[in-house]
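>>> Predicted model and sequence below, questions to follow.
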Amino acid sequence: MTDHHDLHAFIAGLPKAELHVHHVGSASPRIVSELAARHPDSKVPSDPEALADFFTFTDFAHFIDVYLSVVDLIRTPEDVRLLTYEVARDMARQQIRYAELTITPFSSTRRGIDERAFMEAIEDARTAAEADFGTVLRWCFDIPGEAGLESAEETVRLATTDKLRPEGLVSFGLGGPEIGVPRPQFKPYFDRAIAAGLHSVPHAGETTGPETIWDALTDLRAERIGHGTSSARDPKLLAHLAEHRIPLEVCPTSNIATRAVRTLDEHPIKEFVRAGVVVTINSDDPPMFGTDLNNEYAVAARLLDLDERGLAALAKNAVEVSFLEDAGKAKLTEEIDTYTSAWLAP
Ligand SMILES: Nc1ncnc2c1ncn2[C@@H]1O[C@H](CCC(=O)c2cccc(C(=O)O)c2)[C@@H](O)[C@H]1O
Ligand SMILES: [Zn+2]
């Protein structure tokens, strides 16, 4: 029988991949303070206690409001580089070896950051982070759906224009509120992104019902679903996800923080696994939700009653369904196996 403490230590050292985590949403209090000090007119508090209070949400709309006030702290290419590089440092401390970071370039270009300088800043941070911390980063550019089709056009343009498209870009997403923002209207933009070789990974069924997830599959040709929480209400959908091996990017603590799910014990992750759906564990906007990826693995261990082997299997799921190249996948999978065997050796 593994005790609780040992399992936490195991998770902390386990090499991991994260597939659903937002760029701005990963700004830790340390990073926020640094940005707030550069831009003292911002309404974001820099004191950690006041920040924890600021990061307590009444509902999803309130969360997006607060999220945008942190977006407002990112004003120059240097801010973008600092944020990206420091996020990678925080990831490396948790043994995150690979991450697909969701970036909303529209939010930065519409606030006046030059598009080329933006791309250079994230790419420079990516290269430096890999060299300095050993964490491999890839990008998902997402449309902030509520900002309308203008944001969709701008995002797909930035993602598919040869002179702009960053080397690390692997996928195309859709985020923000779902209520009142039907998915099918984004089909032409996803078609263009997919034609340019990007993978489709929209958020769906986080704050709306299973129909949104069907739309994401049918119209946006989703290869993985961000959250997909409400699929638990549709057995046919669960069977479809399982049969076609469409993974769900599950973010348990996020769902509680934004009030998409009432309590962790009511989280449907167990139903997903029971239905044979591939699940991956993710942190979404970790400092805003008072969590990190290690804590999300601990939550998953509790909800799914997992031991070390079960946790290693979850970590390997994420590697397998990631958009990392095959050699990188094989290397990280082997690292997970080696670590787990060494940990369990008598
Ligand atoms: N749990 C989440 N679920 C969904 N999305 C999440 C989650 N966490 C973080 N996001 C991010 O929030 C952004 C939302 C930004 C947005 O709605 C908006 C609307 C109008 C104007 C502007 C602007 O910038 O001017 C932005 C998304 O693109 C996404 O990357
Ligand atoms: Zn998300």
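That came through, no problem. Numbering: from 1, shown residues only. Ligands and ions are numbered 1, 2, ... in the order given.
>>> Just the strands from the chain, written as ranges.
16-22, 96-103, 136-144, 169-175, 199-200, 203-204, 225-227, 248-250, 279-281 (DSSP state E).
>>> Would you format the ones you listed as TSV with mean neighbour count, distance to ligand 1 and mean pLDDT included?
C-betas here are computed from N, CA, C, even on glycine. Below are the strands of the chain laid out as TSV (neighbours: other C-beta atoms under 10 Å; distance: least, C-beta to the nearest ligand atom, whole Å; pLDDT from 0 to 100):
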stretch	mean neighbour count	distance to ligand 1	mean pLDDT
strand 16-22	27	4	98
strand 96-103	25	5	98
strand 136-144	25	3	98
strand 169-175	24	3	98
strand 199-200	20	15	99
strand 203-204	28	5	98
strand 225-227	27	7	98
strand 248-250	27	10	98
strand 279-281	24	15	98
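>>> Nearest to residue 240, out of the ones you listed?
With C-beta to C-beta as the measure, strand 225-227 is the member of the strands of the chain nearest residue 240 (11.1 Å).
>>> The closest one: partners in the sheet, and parallel or antiparallel?
When pairing is defined by DSSP bridges, strand 225-227 lines up against strand 203-204 (parallel), strand 248-250 (parallel).
>>> Turn these into CSV, columns for distance to residue 181.
CSV is the format used below for the strands paired with strand 225-227 (distance: least, C-beta to C-beta, whole Å):
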stretch, distance to residue 181
strand 203-204, 10
strand 248-250, 19
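>>> okay, the strands of the chain in JSON lines with distance to residue 182 next?
Formatted as JSON lines, the strands of the chain follow (distance: least, C-beta to C-beta, whole Å):
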{"stretch": "strand 16-22", "distance to residue 182": "22"}
{"stretch": "strand 96-103", "distance to residue 182": "21"}
{"stretch": "strand 136-144", "distance to residue 182": "13"}
{"stretch": "strand 169-175", "distance to residue 182": "11"}
{"stretch": "strand 199-200", "distance to residue 182": "16"}
{"stretch": "strand 203-204", "distance to residue 182": "11"}
{"stretch": "strand 225-227", "distance to residue 182": "16"}
{"stretch": "strand 248-250", "distance to residue 182": "21"}
{"stretch": "strand 279-281", "distance to residue 182": "26"}
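>>> right, so of the ones you listed, which gets closest to residue 67?
Nearest of the strands of the chain to residue 67, taken as C-beta to C-beta: strand 16-22 at 8.2 Å.
>>> for that closest one, packing partners?
Applying 3 or more C-beta pairs under 8 Å, 6 or more residues apart in numbering; DSSP states H and E, we find strand 16-22 packed against strand 96-103, helix 293-304, helix 308-320.
>>> and the last one, C-alpha only, in CSV?
What that stands for is helix 308-320. What follows is helix 308-320, C-alpha atoms only, in CSV (Å, rounded to 0.1, in the frame of the first residue of the first chain):
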residue,chain,number,x,y,z
GLU,A,308,2.2,4.7,-9.3
ARG,A,309,1.7,2.5,-12.3
GLY,A,310,-1.7,4.1,-12.9
LEU,A,311,-0.2,7.5,-12.7
ALA,A,312,2.6,6.6,-15.1
ALA,A,313,0.0,5.3,-17.5
LEU,A,314,-1.7,8.6,-17.4
ALA,A,315,1.5,10.4,-18.0
LYS,A,316,2.2,8.1,-21.0
ASN,A,317,-1.3,8.8,-22.4
ALA,A,318,-0.4,12.5,-22.7
VAL,A,319,2.9,11.7,-24.5
GLU,A,320,1.2,9.3,-26.9
